[in-house]
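# here are the coordinates; sequence isn't available:
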Ligand code: E4P
């Protein structure tokens with residue numbers, strides 16, 4: 001399972017990429033707003049770091065025509081841009097047009113397997129179920145990801161599942177076990193995965209014991 005960083009914070013993008021932890025970056029309008037920088041500049045900087053994987057950027061329009069216009073403009077910025085379109089009826093119209101033009105599209109803000117199926121049929125390359133936000137409202141986000149996996153496998157659908165709204169390392173390992181293609185997560189979750197107090201204690205013990213080894 002691939003891991004993407006769900007952030008537009010340049011320092012975090014660099015750190016996660018240099019660690020070899022990520023092979024793509026996802027953004028949304030809320031993520032962009034946290035950086036207090038112009039969108040175009042931020043996106044250009046992210047695509048200059050992530051040259052060998054996808055960078056997801058979302059449209060703001062809610063009508064198909066507007067989404068198509070924005071989607072084309074985003075796709076023209078860099079060959080590795082994936083255009084995120086919200087899972088609404090107008091969005092599906094935009095997906096059909098953009099996908100036919102060769103634009104790579106992710107249908108986002110998915111809260112049901114039915115939405116994922118329609119998105120795949122419209123031509124989406126990725127679908128993004130919001131796992132954590134379902135947990136937030138007392139449902140089971142992992143169950144949704146598993147249901148989409150089951151349907152896509154049963155139907156031979158090649159659209160990739162990019163599990164979004166990932167909150168902690170257990171989400172990540174459960175998603176990997178069920179065969180989800182990608183999990184996108186904040187930098188904090190990547191660091192939680194990369195560190196373990198037992199590992200730190202063991203490494204510390206090795207260094208302390210090494211001091212007891214006679215030198216010369
Ligand atoms: C990413 O593509 C999604 O927009 C993001 O994971 C949503 O995360 P949140 O639910 O933590 O805002």
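Structure received. Note that the structure is predicted; figures quoted are calculated from it, not measured.
# show me how far stretch 127-138 is from its chain's centre.
Averaging C-alpha positions (C-alpha atoms, centre = their mean, to the nearest Å) puts stretch 127-138 13 Å from its chain's average.
# got a list of contacts for that stretch?
Applying C-beta atoms under 8 Å, 6 or more residues apart in numbering, the contact partners of stretch 127-138 are 26, 84, 106-111, 115-116, 119-120, 140-142, 144-145, 148, 159-167, 171, 175, 184. Every residue, glycine included, has its C-beta placed from N, CA and C.
# can you rerun that using 6 Å?
106-108, 110, 116, 119, 141, 144-145, 159, 161-167 (C-beta atoms under 6 Å, 6 or more residues apart in numbering).
# kindly report the same for stretch 188-204.
16, 21, 169.
# from residue 147, how far off is the last one?
With the distance defined as C-beta to C-beta, to the nearest Å, residue 169 ends up 22 Å from residue 147.
# likewise for the first one?
Counting by C-beta to C-beta, the separation of residue 16 from residue 147 is 29 Å.
# most neighbours of all the contacts of stretch 188-204, which one?
Greatest neighbour count in the contacts of stretch 188-204, by other C-beta atoms under 10 Å, goes to residue 16: 25 neighbours.
# looks like that residue contacts residue 4 (just checking).
No. Counting by C-beta atoms under 6 Å, residue 16 does not reach residue 4; the two are 9.2 Å apart.
# spit out the residues that contact the two alike.
Taking C-beta under 6 Å, 6+ apart as the contact rule, residue 16 and residue 4 both touch residue 22.
# wait, a helix at residue 129?
No. Counting by DSSP: H, G, I helix; E, B strand; the rest coil, residue 129 is not part of a helix but strand.
# helix or strand: which one has the residue nearest the centre of the chain?
For the chain, the residue nearest the mean C-alpha position is residue 184 (3.2 Å; C-alpha atoms, centre = their mean). Secondary structure assignment for residue 184, by DSSP states H and E: strand 182-185.
# show the average pLDDT along the very next helix or strand once past that strand.
Scanning forward in sequence from strand 182-185 by DSSP H and E, the next helix or strand is helix 187-194. Mean per-residue pLDDT for helix 187-194: 98.
# any residue of helix 187-194 up close to the ligand?
No. Applying C-beta under 6 Å from any ligand atom, one finds helix 187-194 separated from the ligand by no less than 10.1 Å.
# before we move on, back to that, which of the contacts of stretch 127-138 are close to the ligand?
108, 164, 165.
# what pairs with the strand or helix carrying the first one, parallel or antiparallel?
Element membership for residue 108, per DSSP H and E: strand 105-110. In its sheet, strand 105-110 lies beside strand 81-86 (parallel), strand 126-129 (parallel), with partners assigned from DSSP bridges.
# so which of those strands is the most surrounded?
strand 126-129 (a mean of 28; mean count of other C-beta atoms under 10 Å).
# could you point out which element follows it?
Heading C-terminal from strand 126-129 (DSSP H and E), you reach helix 131-136.
# and after that following helix, which helix or strand comes next?
Counting by DSSP H and E, what follows helix 131-136 is helix 141-155.
# and the angle for that following helix with strand 105-110?
Per axes from the mean of the first three to the mean of the last three C-alpha atoms, to 10 degrees, the angle that helix 141-155 makes with strand 105-110 is 140 degrees.
# OK, contacts around residue 83?
71, 74, 75, 103, 105.
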